[in-house]
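Participant: give the three-dimensional model of this entry:
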Amino acid sequence: MHMSDAVANSLLKAFPGLSCNRASDVLAVPKEAYNPARNQHNSSMILSKISEYAIKSEADRILGITDVDLYVPRLNFVFGEAQYLGKAALISLYRLRPESYGKSQNRELFEERAGKEAIHEIGHTLGLGHCKEPNCVMFFSNSILDTDRKKSVFCDSCYLLVRRHAAT
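Facilitator: You can find the predicted model right below:
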């Protein structure tokens with residue numbers, strides 16, 4: 001299974017009534033997003049490019065999936081970023097692989113992590129903030145341990161917000 005198919009399956013489970021289509025377009029990571037001093041890419045610059053693409057798209061939301069290491073200026077790294085109440089979101093697979101932490105390759109864990117981060121970032125596009133409940137998919141992942149601890153679903157409070165958004 002292609003990673004985008006695994007992510008789509010996770011999104012379909014988390015968001016009732018959602019349909020997911022994989023775009024055939026591949027956007028290049030903007031060269032100016034790379035910071036050689038950090039050996040990472042500025043996620044906001046990549047998100048901006050996805051946003052430009054999303055504006056021209058008929059899709060309600062666009063999720064970009066990249067394999068580069070992401071950061072925002074005040075954090076060491078991020079697993080993803082999204083436009084709050086916007087159309088564009090981004091996740092990186094770079095730090096989601098078990099091998100990145102000296103562990104054996106584990107496709108199931110890798111796909112589960114990618115699904116959680118995708119749900120989380122799409123949640124932000126729907127207006128959800130970070131949740132205080134550590135098991136909620138909207139909990140902020142400061143490390144891969146946080147991602148592994150949280151579930152692939154919303155807590156009751158966040159789920160009510162998702163349902164409210166779906167009704168509008």
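Participant: low-confidence ranges in the protein?
Facilitator: 1, 167-168 (pLDDT under 70).
Participant: show me the helices in it, by range?
Facilitator: In the chain, the helices defined using DSSP state H lie at 3-14, 43-56, 107-125, 144-149, 156-167.
Participant: any idea which of those is most buried?
Facilitator: Of all the helices of the chain, helix 107-125 has the most neighbours on average by mean count of other CB atoms under 10 Å, namely a mean of 22. For the C-beta atoms, the positions are set from N, CA and C on the backbone; glycine is no exception.
Participant: mind checking how far that helix is from the chain centre?
Facilitator: 6 Å (CA atoms, centre = their mean, to the nearest Å).
Participant: helices or strands up against it?
Facilitator: On a contact count with 3 or more CB pairs under 8 Å, 6 or more residues apart in numbering; DSSP states H and E, helix 107-125 meets helix 3-14, strand 62-66, strand 80-82, strand 88-92, helix 144-149.
Participant: of all those, which lies closest to Leu160?
Facilitator: helix 3-14 (14.1 Å; CB to CB).
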